[in-house]
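Colleague: Following is a predicted model, sequence given first.
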Amino acid sequence: MATRRELSQEIQRYRQAEALLRLGLRVPVVCEMTRLSHWFLRKLALEISGEAPAKGQVPNSELWYLRGRNNLHASLFLSLYRPLQQVADDAVEPAEMLIVAFQRYREIIEAAGLPEVLTPDRAWWLLKSVRIPSLKAIECQQCGGRYLMHQEDLPGPYRCVCCLARPSLPDAALADASRPDAARSVSFR
Ligand SMILES: [Zn+2]
């Protein structure tokens, strides 16, 4: 028979699975994060959205994150995730931090009237890539924002695309949001 601790962990996994699916993560990703069965998660996804879960490949390439606007959005997301990671203790699961950081990213994007370029699946893959770590966040010497780069492309003194293009770039709001002082206001709710 399951102990009380095992039972509460099991319940927590189901809650997380539901929250991750509601956020928009695909079934195979939620499967990997929660270790719940694929069959069960497909049923749960169907129940939540009322339609069959999307099939096809989950993100599997780092190159996407290094291109222009994708890079700004991915860097912003990471700047929201990192402070959570720093304040979280061992009891906080990566899935919970992903949910909080992605919701915060969504709020900022919506407030700026920009399209949501980063999907929850891509945010998940990004966290995996940074953990490996083949991608690294580098600080812009002008605005102090942190931007993703491939380990092999690490430059000397670095200026981000927003600072190079200011003030004509509509994504300049993202650069402001990526600054460390902006990220510090993120908290668990
Ligand atoms: Zn900059």
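Modeller: Arrived safely. Note that the structure is predicted; figures quoted are calculated from it, not measured. Numbers count the residues shown, from 1 in each chain.

Colleague: switch to C-alpha atoms for all contacts and neighbour counts from now on
Modeller: Fine.

Colleague: Would you mind giving the domain segments of the chain?
Modeller: As assigned by automatic domain parsing, the chain contains the domains 4-49, 63-183.

Colleague: This structure against the ion: which residues are in contact?
Modeller: Those residues of the chain that sit near the ion, judged by CA under 5 Å from the ion, are 140, 143, 160, 163.

Colleague: Looking at the domains of the chain, which is nearest to residue 57?
Modeller: Among these, the nearest to residue 57 by CA to CA is domain 4-49 (9.1 Å).

Colleague: Show the end-to-end separation of the closest one, please.
Modeller: This stretch, domain 4-49, spans 32 Å end to end (CA to CA, to the nearest Å).

Colleague: With residue 55 as the reference, name the closest of the domains of the chain.
Modeller: For these, distance to residue 55 was read as CA to CA. The smallest value, 8.3 Å, belongs to domain 4-49.

Colleague: mind checking pLDDT for the most centrally placed residue in the chain?
Modeller: With distances taken as CA atoms, centre = their mean, residue 123 lies nearest the centre of the chain, 3.2 Å away. For residue 123, the pLDDT comes out at 95.

Colleague: same thing with residue 47?
Modeller: 94.

Colleague: May I ask you to confirm that residue 136 is in contact with residue 152?
Modeller: No - with contacts counted by CA atoms under 8 Å, residue 136 stays clear of residue 152, the gap being 9.7 Å.

Colleague: what's the least confident stretch among the domains of the chain?
Modeller: Within the domains of the chain, the stretch with the lowest mean pLDDT is domain 63-183, showing a mean of 82.

Colleague: buried residues in stretch 33-51?
Modeller: 33, 34, 41, 42, 44, 45 (16 or more other CA atoms under 10 Å).

Colleague: With stretch 75-88 instead?
Modeller: 75, 76, 77, 78, 79, 80, 81, 82, 83, 84.
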